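Asker: Quick check, what structure comes out for this input:
(2 chains)
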Protein chains: 2
Amino acid sequence: MNEFELIDRLIQSFGSLTSGQGVVVGPGDDAAVLDLPVGEQLVVSTDTLVPDVHFPAESAADLIGFRAIAVSVSDLTAMGAKPLAMTIAVTMPTLDPPWMERLAHGFAVAATEFDIQIAGGNLARGPLNITVTVHGTIATGQALLRSGMQLGDDIWVTGTLGATTVFLANPCCTDSDVEELLPHRDRCAQARYFLPHPRVLFGTSIRELAHAAIDISDGLDSELHHLSRASGYGAEIDLGRLPVWAGLQPSHVAGPDDSYELLFTASSSARQAILKCASDTQTPVVVLGNVVAEPTIEYQLDGKRIHVASGYDHFSSAT
Amino acid sequence: MNEFELIDRLIQSFGSLTSGQGVVVGPGDDAAVLDLPVGEQLVVSTDTLVPDVHFPAESAADLIGFRAIAVSVSDLTAMGAKPLAMTIAVTMPTLDPPWMERLAHGFAVAATEFDIQIAGGNLARGPLNITVTVHGTIATGQALLRSGMQLGDDIWVTGTLGATTVFLANPCCTDSDVEELLPHRDRCAQARYFLPHPRVLFGTSIRELAHAAIDISDGLDSELHHLSRASGYGAEIDLGRLPVWAGLQPSHVAGPDDSYELLFTASSSARQAILKCASDTQTPVVVLGNVVAEPTIEYQLDGKRIHVASGYDHFSSAT
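Answerer: Prediction:
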């Protein structure tokens, strides 16, 4: 099988994921052509995964594929955008059709879950690298920006933090099938590590209630600093309220962590409406603290101020 | 300098390239937000460059940066689309700010030439990989598809083919600055290799004249086969008409070649109008042959039928 035959086979395996829902021209031409709904803006984000930086090299290809899509869709969710379509660029050292087909299966399972089409891609020889560029739509002017954080806002987080920490302490399940792990992602940190759960429906439902949002891709502390820099405000966080995986301390989870949960702020008057959105979309949410005038991030635990390590530095071992 | 500081510095160096012209939210949030003109569709393509596959590893970073943008913009041109904005994902083994700043300079020079904004990106640790996802716009329903080729059409090509062949036989200029090579790209194959010249203005100007288009990223023969598969027709090509770099034979250049020139078809009644577009945009063009009913690709040279080697297989050394 040569490169073009493999690409044809992969496109066939994606079935209806490569057409419809705004995709006018899908994979197979020089570029894809997409229709956007009238009155909507385009939201775009790109993310790369490489082995031993973003996943253990020995991980099953379908788990890698699912994770690659999920971490990119998470950025759309952090803008309040609805997923539309994506392009996927893969480089791999040798043409390995069975591995590639398993990777594509992971793409397809994730694309189906997050309701996002596969509009095109690129396959070339090189060290393994998976770069996904996601496209979503949002009503004009409604994107949730980091700079939108307002003084006095509640600071909310979805889900449970720390799956990466638990997984790295015990990196099991790396050879599982995506179907095996999916039923366990809400209670098994190893499953959650490979199969992040961006809060797509909840994110779009709070679009007119929230003031600012960011996804947790580096760690709570790092994301709070991003919100602070963009808005000019600070945050007071009660770590005792932070939902963490069993066996973890909240102070650890505030540091490096890529849970792909949603951190957002909203007026306290919106609390009931937000809890209703959470209930309607079966999304666990909790208020962690408040936005304050002083542009620093302060943490409390059991009434005492504590210090936490900062977020993940992608080049920390190299600089 | 850490990762975030370097990203801030790169964004600053891009200046006005990161805002305006449809970019409502540029780099620095979870995702970019773009406005599309009313009545236009979005055209999207993604391409990856890795060292020693897509450029010599020792090449100057600004040359790599320019080439990465140009080869992606070339796909927009092949659809007749106008460049709008792009995202750029880079993985590199260690955080090397001077190298990265030179790469970004190449991005900026190309973005300025092709009138495309830099809407966002991603920087992570990993083997060197540059993946560019370009976005363009086109009036609804006007995209030039491969399948649009019609029986009896003229087959046209822009520019001169074979820069890659000349360069690989004598891979010089790899340490030049982009500014040094730019004035020489129309007569020096080495300069043209690093600084491809997608025919952006010409491509949009022939949108309503041409029936089908594809860019030459693998080789003339490979692209003709793509057009044939998509349309069900074939082609008769007179290789004697093929413009090639000095010292090359047309039969070599029909095989593997990534000139990023434009191959397109149009009714012979459109000849004068196409020559006018070419003259207006200072684009060299020539008719190579015709579309025929039999879905095969036939070559003639000096009145004799000849055989040519096929296009580049990205995994040929690995499979």
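
Asker: Okay, helices next: where are they in chain A?
Answerer: Remark: helices assigned in chain A by DSSP state H are A:3-14, A:61-77, A:97-114, A:163-169, A:178-181, A:189-194, A:200-205, A:220-231, A:250-253, A:271-280.

Asker: looking at these, which one has the lowest mean pLDDT?
Answerer: When these are compared on mean pLDDT, helix A:250-253 scores lowest, with a mean of 82.

Asker: Please name the residues that touch the spatially most central residue of chain A.
Answerer: The centre of chain A sits closest to A:Ser74, judged by C-alpha atoms, centre = their mean, with a distance of 2.7 Å. Going by C-beta atoms under 8 Å, 6 or more residues apart in numbering or on different chains, A:Ser74 touches A:196, A:198, A:215, A:217, A:260. Where C-beta positions appear, they are placed from N, C-alpha and C, glycine not excepted.

Asker: Keep those residues, but drop any that are not near chain B.
Answerer: Applying C-beta under 8 Å from any C-beta of the partner chain to the contacts of A:Ser74, one finds that A:Asp215 fall near chain B.

Asker: Which two among the contacts of A:Ser74 are spaced furthest apart?
Answerer: For the contacts of A:Ser74, the maximum inter-member distance is 10.4 Å, found between A:Pro198 and A:Ser217 (C-beta to C-beta).

Asker: can you pull the contacts of the nearest residue to A:Ala32 once chain neighbours are set aside?
Answerer: Nearest non-adjacent residue to A:Ala32, counting by C-beta to C-beta, 6 or more residues apart in numbering or on different chains: A:Ala119, 3.7 Å away. By C-beta under 8 Å, 6+ apart, the contact set of A:Ala119 is A:18, A:23, A:26-27, A:32, A:34, A:85-87, A:135, B:44.

Asker: what does A:Ala68 give?
Answerer: A:47, A:49, A:88, A:106-107, A:110, A:130, A:132.

Asker: repeat that with 6 Å
Answerer: Applying C-beta atoms under 6 Å, 6 or more residues apart in numbering or on different chains, we find A:Ala68 in contact with A:49, A:130, A:132.

Asker: Quick check: bridge partners of the second one?
Answerer: It stands for A:Ile130. Using DSSP bridges, the beta-bridge partners of A:Ile130 come out as A:Leu49, A:Val90.

Asker: shouldn't it be in contact with A:Thr91?
Answerer: No. Using C-beta atoms under 6 Å, A:Ile130 is not in contact with A:Thr91; the gap is 8.3 Å.

Asker: between these two, which one's more packed in?
Answerer: Taking neighbours as other C-beta atoms under 10 Å in any protein chain shown, A:Ile130 and A:Thr91 compare with A:Ile130 leading, 28 against 25.

Asker: Correct me if wrong: A:Asp215 contacts A:Gly80.
Answerer: No. Counting by C-beta under 6 Å, A:Asp215 does not reach A:Gly80; the two are 11.4 Å apart.

Asker: Quick one: residues contacting A:Gly289.
Answerer: Applying C-beta under 6 Å, 6+ apart to A:Gly289 gives the contacts A:155, A:235-238.

Asker: The same query, at a cut-off of 10 Å, please.
Answerer: Listed by C-beta atoms under 10 Å, 6 or more residues apart in numbering or on different chains, the contact partners of A:Gly289 are A:153-157, A:224, A:235-239, A:241-242, A:265, A:297-300.

Asker: how deep is the residue lying closest to it once chain neighbours are set aside tucked in, by neighbour count?
Answerer: Spatial nearest neighbour of A:Gly289, excluding adjacent residues (C-beta to C-beta, 6+ apart): A:Ile237 at 4.0 Å. By other C-beta under 10 Å, 23 other residues sit near A:Ile237.

Asker: and which of the contacts of A:Ala119 is nearest B:Arg305?
Answerer: The closest of the contacts of A:Ala119 to B:Arg305 turns out to be A:Pro27 (C-beta to C-beta; 34.2 Å).

Asker: So for A:Gly311, what pLDDT did the model give?
Answerer: The predicted local confidence for A:Gly311 is 63.

Asker: What residue spans form the domains of chain A?
Answerer: Domain segmentation of chain A under automatic domain parsing yields A:3-139, A:146-306.

Asker: any idea which of those domains is most buried?
Answerer: Mean neighbours per residue, mean count of other C-beta atoms under 10 Å in any protein chain shown, is largest over the domains of chain A for domain A:3-139, with a mean of 22.

Asker: How far does it stretch from one end to the other?
Answerer: Length of domain A:3-139, first residue to last, C-alpha to C-alpha, to the nearest Å: 40 Å.

Asker: same check, this time on stretch A:170-183
Answerer: With C-alpha to C-alpha, one end of stretch A:170-183 sits 19 Å from the other.

Asker: Tell me which residues are up against that stretch.
Answerer: With C-beta under 10 Å, 6+ apart as the test, stretch A:170-183 has contacts from A:55-67, A:102, A:105-106, A:108-110, A:113, A:167, A:184, A:188-195, A:247.

Asker: make it 6 Å
Answerer: Under the contact criterion C-beta under 6 Å, 6+ apart, stretch A:170-183 has outside partners A:56, A:58-60, A:62-63, A:66, A:106, A:109, A:190-191, A:195.

Asker: how about TSV for these, with distance to chain B added?
Answerer: Formatted as TSV, the contacts of stretch A:170-183 follow (distance: C-beta to the nearest C-beta, whole Å):
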residue	distance to chain B
A:Pro56	14
A:Glu58	17
A:Ser59	15
A:Ala60	20
A:Asp62	21
A:Leu63	18
A:Phe66	19
A:Gly106	18
A:Val109	21
A:Gln190	23
A:Ala191	24
A:Leu195	20
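
Asker: Kindly indicate which of those residues lies nearest B:Asp280.
Answerer: Among those, A:Gly106 lies closest to B:Asp280 (C-beta to C-beta), at 48.4 Å.

Asker: Leaving out chain neighbours, which residue sits closest to that closest one?
Answerer: A:Gly106 sits nearest to A:Gly65 (C-beta to C-beta, 6+ apart), 2.4 Å away.

Asker: Who are the contact partners of that neighbour?
Answerer: By C-beta under 6 Å, 6+ apart, the neighbours of A:Gly65 are A:103, A:106-107.

Asker: Equivalent analysis for A:Ala278, please.
Answerer: Neighbour list for A:Ala278: A:Val285 [criterion: C-beta under 6 Å, 6+ apart].
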